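[1] Dropping the sequence and predicted coords here.
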Amino acid sequence: MLEIETVGEPGGEVGYDMPCTVGDRFDQIETPALVIDLDAFERNVARMRVASEQMGVRLRAHAKTHKSAAIALYQMEAGGACGVCCQKVAEAEVLVRGGVADILVSNEVIGEKKIERLARLAGRARMAVCVDDADNVADLSRIMARHGVSLDVLVEIDCGAGRCGVEPGASAVALAQAVDAAPHLVFAGIQAYHGKAQHIADPAERRAAIAASTEKAARTVSMLADVGLICRIVGGAGTGSFDLEGTSGLYTELQCGSYIFMDADYARIIGQGGGPLGGFEHALFVLTSVMSRAAPGRVVCDAGLKAHAVDSGLPTVFGRPDLAFSGISDEHGQIDDPAGTLRLGERLKLVPGHCDPTVNLHDWYVGLRRDRVETLWPVTARGKIW
């Protein structure tokens, strides 16, 4: 049972500040709305806790998925997470204000103002950051010294994603030595996240990609040990591959995010056992209403591009294989309804193609249990992208 603070008690002004109030029925929610099936959500959180405990690794849940202080605290209190990750300093600021006390910014933080803000956070919570450049190391050290705080630092390696990160091996060792020598910085380990591998649908291909990634990380860890630098943290892994890194004997922290919600893209990825990834369920939906049925075999709903991110494909209609979401514009979604079953005003739950950027389009989560609104949580870090 969820035990996190609820906002939006009965009597709020629906339609101005929030799409409903606590206690409302499913059919009273203003649409489009971002809704969570609380039972499925809780099961997902519990499954990841059990999995990480069985593998003997820490879970550092990624808050870029949900951008919510309330959910981050629940992941730590009920879901076994040792802390959370986020991607931007602004996200971290909101989470710290919300009571989250252990955060890794799993990204590089560049520029005087951003590093100043990171230093202020390091005076209030346990903070860590990633680096892939010696100049950035010098800037971090100088500004942390100015504030009289220390900061854990992970050297990020490019283990196959082709995004941020130095080359594994000698380049990573040289950068780690610079971190270790820098005042007010603490070398904590390496960041080895293979983002592209999360979305390789075939389990054998995904396993091969992660094996190559793990080899690069293991070689780097060994070379660091040779110069006396021990990795307290080897971090990475995501919802698509956590079982592989978690059983590698190398990784110490998993950085999974989407497991709490799942989306249409992750539903297309086959787990190692042939079923859904980790046994996780769809728990996040965009609730929409049919607003037009003027054309035979086709309806229009009120959830368009301003309610969904479609970079990973269009949403799917939950529990209705007879319907296909086939087109989208700013304010409208097109749904093919060949049998003509849908009524004007009928509610449908849409599974987002990509949950993370979809969340960033909404102000509120509507938590549902047995078709009643049990809770409302603000998306506290919505728009916090700097």
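    Here it is on my side, so go on.

[2] Could you use CA atoms for every contact and neighbour count after this?
    Fine.

[3] Tell me how many other residues crowd P338.
    When neighbours are defined as other C-alpha atoms under 10 Å, P338 has 14 of them.

[4] wait, what's in contact with it?
    P338 makes contacts with P296, G297, R298, D322, L323, as judged by C-alpha atoms under 8 Å, 6 or more residues apart in numbering.

[5] Quick one: buried ones out of those?
    R298, L323 (16 or more other C-alpha atoms under 10 Å).

[6] Can you tell me which of the contacts of P338 has the lowest confidence score?
    When the contacts of P338 are compared by pLDDT, P296 scores lowest at 91.

[7] give the contact list for that one.
    P338, G340.

[8] before we move on, what SS does it have?
    coil (DSSP: H, G, I helix; E, B strand; the rest coil).

[9] Over to it: give its phi and psi.
    Per-residue torsions, P296: phi -60, psi 130 (degrees, to the nearest 10).

[10] Let's have the contacts of P338 in TSV, adding distance to G278.
    Shown next, in TSV, are those (distance: C-alpha to C-alpha, whole Å):
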residue	distance to G278
P296	40
G297	37
R298	35
D322	27
L323	27
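
[11] Closest one of the contacts of P338 to C164?
    L323 (40.1 Å; C-alpha to C-alpha).

[12] wait, doesn't that closest one sit right on V317?
    Yes. Using C-alpha atoms under 8 Å, L323 is in contact with V317, at 6.6 Å.

[13] Tell me the helix or strand right after the helix or strand encompassing R49.
    R49 is part of helix 38-55 when elements are defined by DSSP states H and E. Next in sequence after helix 38-55, counting helices and strands by DSSP H and E, comes strand 58-62.

[14] before we move on, back to that, A264: which of the contacts of P338 is nearest?
    Of all those, A264 sits closest to L323, with 14.7 Å by C-alpha to C-alpha.

[15] List phi and psi for the closest one.
    According to degrees, to the nearest 10, L323 has phi -120, psi 150.

[16] how far away is it from V299?
    Per C-alpha to C-alpha, to the nearest Å, L323 is found 10 Å from V299.

[17] Spit out the residues that contact those two alike.
    I335, D336, D337.

[18] Let me have those residues in a markdown table, extended by secondary structure.
    Below are these laid out as a markdown table (three-state DSSP):
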| residue | secondary structure |
| --- | --- |
| I335 | strand |
| D336 | strand |
| D337 | coil |
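
[19] Adding pLDDT, neighbour count and distance to Y365 as columns, could you present those in CSV?
    Listed next are the shared contacts of L323 and V299 as CSV, based on pLDDT from 0 to 100; neighbours: other C-alpha atoms under 10 Å; distance: C-alpha to C-alpha, whole Å:
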residue, pLDDT, neighbour count, distance to Y365
I335, 98, 22, 24
D336, 98, 17, 27
D337, 97, 17, 28
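
[20] longest strand of this protein?
    When the chain is parsed with DSSP state E, its longest strand is strand 284-292.

[21] so what does the following helix or strand past that strand touch, helix or strand wise?
    Sequence-wise, the next helix or strand downstream of strand 284-292 (DSSP H and E) is strand 298-301. With contacts taken as 3 or more C-alpha pairs under 8 Å, 6 or more residues apart in numbering; DSSP states H and E, strand 298-301 sits against strand 284-292, strand 333-336.

[22] Could you identify which of these is most buried?
    strand 284-292 (a mean of 24; mean count of other C-alpha atoms under 10 Å).

[23] can you pull out the helices in the chain?
    38-55, 69-77, 89-97, 112-122, 134-147, 170-181, 203-226, 242-246, 264-267, 355-359 (DSSP state H).

[24] Quick one: distance of the shortest one to the chain centre.
    Relative to its chain's centre, helix 264-267 lies at 14 Å (C-alpha atoms, centre = their mean, to the nearest Å).
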